[in-house]
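> Fold the following and give me the result.
(chains A, B and C)
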Amino acid sequence: MSSPSLAQFALVDGNNFYVSCERVFRPALVGRPVIVLSNNDGCAIARSNEAKALGIKMGAPWFQIKHLEADANLVALSANFELYGDMSDRMMQVVGRFAPVQEIYSIDESFLDFEGIRDDLVTLGKRLRAEVLAATGIPTCVGFGPTKTLAKLANHIGKTAERKPGLYPADLAQVCNLGAEGKQGTARLGQLFRATEVGEVWGVGPRISAQLNAAGVATVADLIKLDLATIRKRFSVVLERTVMELRGTRCIAFDDEPAAKQQIMCSRSFGTPVLQLDELVEAVTVFASRAAEKLRGQGSATGAVSVFIRTSPFRKQDRQYSQSVTVPLRRPTGDTHAIVSSAVRGLEAIYRDGYRYAKAGVMLLDLQPKDLAQGELDLVGGSGPDGTSHDEGRDRSRLMSAIDRVNQRYGRGSLTVASAGTEAVAKSWTMRQDRRTQRYTTSWDEMPIARA
DNA sequence: TCTGGGGTCCTAGGACCC
DNA sequence: TCTGGGGTCCTAGGACCC
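Residues are numbered from 1 along each chain as shown, chains lettered A, B, ... in the order given. Sure thing, here's the model as predicted:
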């Protein structure tokens, strides 16, 4: 451990977040094995502790575990991202009140920086948990450490101590401060490190984990003993940084103002295979429109549109095809029409007859601030390179803002470009969501009703 | 029949230049 | 028979995250 005076970071995250969101509005699910499924009800992306205890793995295909519905009282729900996003906003607000700065790292996790805070951190962490629970109904765990990687590890220990009694000391459940463990001498810290497999460390995935194991490195205690230069040579600078962080040296900066995204993607697997070009055009139009909305949402313009289509790699009996193409734009734009038409042109170039397409997507690349894109000089009599006058350009930009406002107010897809197809026609490519719960917090029609 | 979606960073290798 | 070397930029692919 490094100097004991080093301020601490915290990582706060919602336990089994999506499942917990569902349980807030359906308390009968508490205590039961519950999972939330990915889009298309494809595989498990969140699991309650009871579901984990049944042996359901992250990403387990639904059709392989479906029998547990009958055999083990399992409840499976379609993902309700509108609900989770809104619950996340509420949770983040409460968490953010506990420290001067907060970095929202994912939908259910944020880092806090406790620089300059003298309070006892474990006490603070317990109060934080209680307030989040009272305000949102979401149970959380809090991990403290002098580096982000150690805060993540502390959080993992907190969660695991609660879920699997015996592996870690019970007093570390829910709120765990590895900084304090370090100060009390290395004995208990070493014990924690010996009890933790390398694969649990933030930044060590399945590949590296397997390679480390093969080299006889099984636990965090083994990992931090390795020589840094050797790690860099045999693995990567990424793993080297991770090991330094585990030893207490900060390598990963705290980032409370996330930068604009460098690329924006919208892609979906289809509900059923798609064979015809015109259906793919419809899907790609919707994906490109959605990507364009996200683009304008962060105030960017895109310089290139990439589109891809592919068959299902899981269907070994099918002929496989996977192709993508990047279409550069004549000038950076945030205009839905320009983005859609480029995506469709790209699609037409890579489409091949006779395949069962399972997925398509649109990616926006070469992003830059919108203002930069508008700063083009008008030297040739009021007409841009694509033939639109600058007045027209302004009009289109206002049209885009208007479309975004309407869709924000009345729901996604209220206003679309014509090739997106109409709602009335059943589309084979739209995703299946047979088990979605209500949008309790974001749709007037779906609010929970309290009965006397 | 049925296997998610959306990101980041790093590295290696090729193209190109002088 | 000889067949440079070093720099930069770009892209594809791999690894990771949630």
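> ok, which residues in the stretch 1-150 of chain A are in contact with DNA strand B?
Near DNA strand B, the residues belonging to the stretch 1-150 of chain A are A:S38, A:N39, A:N40, A:G42, A:C43, A:I45, A:M58, A:G59, A:P61, A:W62, A:F63 when assessed by Cβ under 7 Å from any atom of the strand. C-beta coordinates here come from the backbone N, C-alpha and C atoms, glycine included.
> Which ones among these map onto helices?
If you go by DSSP state H, those have A:W62, A:F63 in helices.
> so which of the residues of the stretch 1-150 of chain A next to DNA strand B comes closest to A:E446?
Each of these was checked against A:E446 using Cβ to Cβ; the closest is A:N39, at 19.2 Å.
> Could you give the number of residues near the closest one?
Neighbourhood size, A:N39 [other Cβ atoms under 10 Å]: 16.
> And it, how far from DNA strand C?
13 Å (Cβ to the nearest atom of the strand, to the nearest Å).
> Repeat that for A:V217.
As defined by Cβ to the nearest atom of the strand, A:V217 lies at a distance of 13 Å from DNA strand C.
> Neighbours of the residue nearest to that residue when sequence neighbours are not counted, how many?
Nearest residue to A:V217 in three dimensions, chain neighbours excluded: A:L223, at 5.6 Å (Cβ to Cβ, 6 or more residues apart in numbering). Residues near A:L223, counting by other Cβ under 10 Å, number 22.
> so who does A:L223 touch?
The neighbourhood of A:L223, defined by Cβ atoms under 8 Å, 6 or more residues apart in numbering, consists of A:V198, A:V201, A:V204, A:L212, A:V217, A:V243, A:L246.
> which of the residues of the stretch 1-150 of chain A next to DNA strand B has the most neighbours?
Those, ranked by neighbours (other Cβ under 10 Å): first place A:N40, 21 neighbours.
> The helix or strand bottoming out on mean pLDDT in chain A: what's the following helix or strand?
When the helices and strands of chain A are scored by mean pLDDT, DSSP states H and E, helix A:370-374 comes last with a mean of 68. Moving toward the C-terminus from helix A:370-374, the first helix or strand encountered (DSSP states H and E) is helix A:390-410.
> how about the strands of chain A, start to end?
Per DSSP state E, chain A has strands spanning A:9-14, A:34-37, A:44-47, A:75-78, A:101-106, A:109-113, A:140-145, A:175-177, A:264-274, A:300-311, A:322-333, A:357-365, A:368-369. These are given in chain order.
> Please name whichever of the ones you listed is nearest to A:R409.
Minimum separation from A:R409 across these (Cβ to Cβ) falls at strand A:264-274, 20.8 Å.
> angle of that closest one against strand A:357-365?
Regarding strand A:264-274 and strand A:357-365, their directions subtend 170 degrees when assessed with axes from the mean of the first three to the mean of the last three Cα atoms, to 10 degrees.
> so can I have a markdown table of the strands of chain A showing mean pLDDT?
Below are the strands of chain A laid out as a markdown table (pLDDT from 0 to 100):
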| stretch | mean pLDDT |
| --- | --- |
| strand A:9-14 | 98 |
| strand A:34-37 | 98 |
| strand A:44-47 | 98 |
| strand A:75-78 | 97 |
| strand A:101-106 | 97 |
| strand A:109-113 | 98 |
| strand A:140-145 | 98 |
| strand A:175-177 | 96 |
| strand A:264-274 | 95 |
| strand A:300-311 | 95 |
| strand A:322-333 | 92 |
| strand A:357-365 | 95 |
| strand A:368-369 | 91 |
